[in-house]
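[1] Using only what follows, build the 3D model:
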Amino acid sequence: MKHFEITFCSHFKNIKKFSFSSETYSKYTAFCIKSGSFAYSFDEGKSEVLSENEVIICPPGKSFSRKVVQPVDMYMIKFKSDSAFKFPCKKVTIYDVLRLNYDFDHLKSCVFCKNFDENPEFLHYARDILYMYIDSLSENSEFSNIKSFFQQNFDKDISISELANKTGYSTAHFINKFKKIYGQTPKAYLSGLKILKAKELLFTTNKTSKEIANLCGFNDELYFIRFFKTKTGFTPSQFRKFRI
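    Numbering: from 1, shown residues only. I've put the predicted structure just below:
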């Protein structure tokens, strides 16, 4: 388990404008968003947006620019690390929202805290957010490759159990981890990709229902029609009538 020495923690509520548009920190500084969003960039590089349930960690010595997009409720955590782990300048989404909000709730009265002798529990909850960042960083990276594989191969016969085996997980563990990260099972995610592609083809081409079924990975046209109606409430021909 990596150890972090928390040196500062604070809850900032309803920020409409940052006091400084850019800052450089002497310690690692984590920004954790409960609600709202702000645009940020490192060393005047590409700008991105940090929003609800996302965390970014600014390493020491880097210029961190930021501008509020929507009023922000956030937590800032400054820390030292005795680990050789290098924090990437990459935002991470925390998908364990219940655990994250539990930590946030216990830190909401932590304002400009530098001495934690009176409230040592603040250290626990701030450290837990950093642990979730590390865990989610590896999970986001590992499963983003799987998600890309699904996107490129949704029209093929994909065996979830074989894919799980290749990644070193049991089928049940693989499904649970995927659901934890993306909020749905691999099967549900694949179904969604098939429906999106079918809608696209119905709106942009004159292909027959049978042709679209084949392009979306269905060997049986009637099964495709039933599947599409179950997911959308319309048959493919009914859905196509919405095309302008």
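[2] tell me the domain boundaries of the chain?
    Under automatic domain parsing, the residue ranges defining each domain of the chain are 4-142, 154-244.
[3] any chance of these in JSON lines, plus mean pLDDT, distance to Ser148 and mean neighbour count?
    Every residue, glycine included, has its C-beta placed from N, CA and C. Written out in JSON lines, the entries for the domains of the chain read as follows (pLDDT from 0 to 100; distance: least, Cβ to Cβ, whole Å; neighbours: other Cβ atoms under 10 Å):
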{"stretch": "domain 4-142", "mean pLDDT": "90", "distance to Ser148": "11", "mean neighbour count": "16"}
{"stretch": "domain 154-244", "mean pLDDT": "90", "distance to Ser148": "11", "mean neighbour count": "15"}
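[4] Could you give the separation of the longest helix along the chain from the chain centroid?
    Here the longest helix in the chain is taken by residue count, with DSSP state H as the criterion, and it is helix 121-153. Centroid displacement of helix 121-153 relative to its chain, using Cα atoms, centre = their mean, to the nearest Å, is 8 Å.
[5] what's the answer for stretch 231-239, then?
    On Cα atoms, centre = their mean, the centre of stretch 231-239 falls 30 Å from that of its chain.
[6] Also stretch 23-34?
    Averaged over its C-alpha atoms, stretch 23-34 has a centre that lies 19 Å from its chain's centre (Cα atoms, centre = their mean).
[7] before we move on, what about stretch 91-101?
    Taking the mean of its C-alpha atoms, stretch 91-101 sits 8 Å from the chain's own mean (Cα atoms, centre = their mean).
[8] quick thing: my sequence starts at 9, can you match it?
    Okay, residue one is now 9; in that scheme the one you just asked about reads as stretch 99-109.
[9] Between the two ends of that stretch, how far is it?
    According to Cα to Cα, to the nearest Å, stretch 99-109 extends 18 Å from its N-terminal end residue to its C-terminal end residue.
[10] where along the protein do the strands fall?
    Using DSSP state E, the strands assigned to the chain run over residues 12-23, 30-32, 36-50, 56-58, 62-66, 71-89, 100-101.
[11] I'd like to know which elements the third one is packed against.
    Where contact means 3 or more Cβ pairs under 8 Å, 6 or more residues apart in numbering; DSSP states H and E, strand 36-50 is packed against strand 56-58, strand 62-66, strand 71-89, helix 105-115, helix 129-161.
[12] Make JSON lines out of the ones you listed and add distance to Thr32.
    As requested, the helices and strands packed on strand 36-50 are arranged in JSON lines below (distance: least, Cβ to Cβ, whole Å):
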{"stretch": "strand 56-58", "distance to Thr32": "18"}
{"stretch": "strand 62-66", "distance to Thr32": "9"}
{"stretch": "strand 71-89", "distance to Thr32": "5"}
{"stretch": "helix 105-115", "distance to Thr32": "25"}
{"stretch": "helix 129-161", "distance to Thr32": "21"}
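[13] in the chain, which residue is closest to the centre?
    The centre of the chain sits closest to Thr101, judged by Cα atoms, centre = their mean, with a distance of 3.4 Å.
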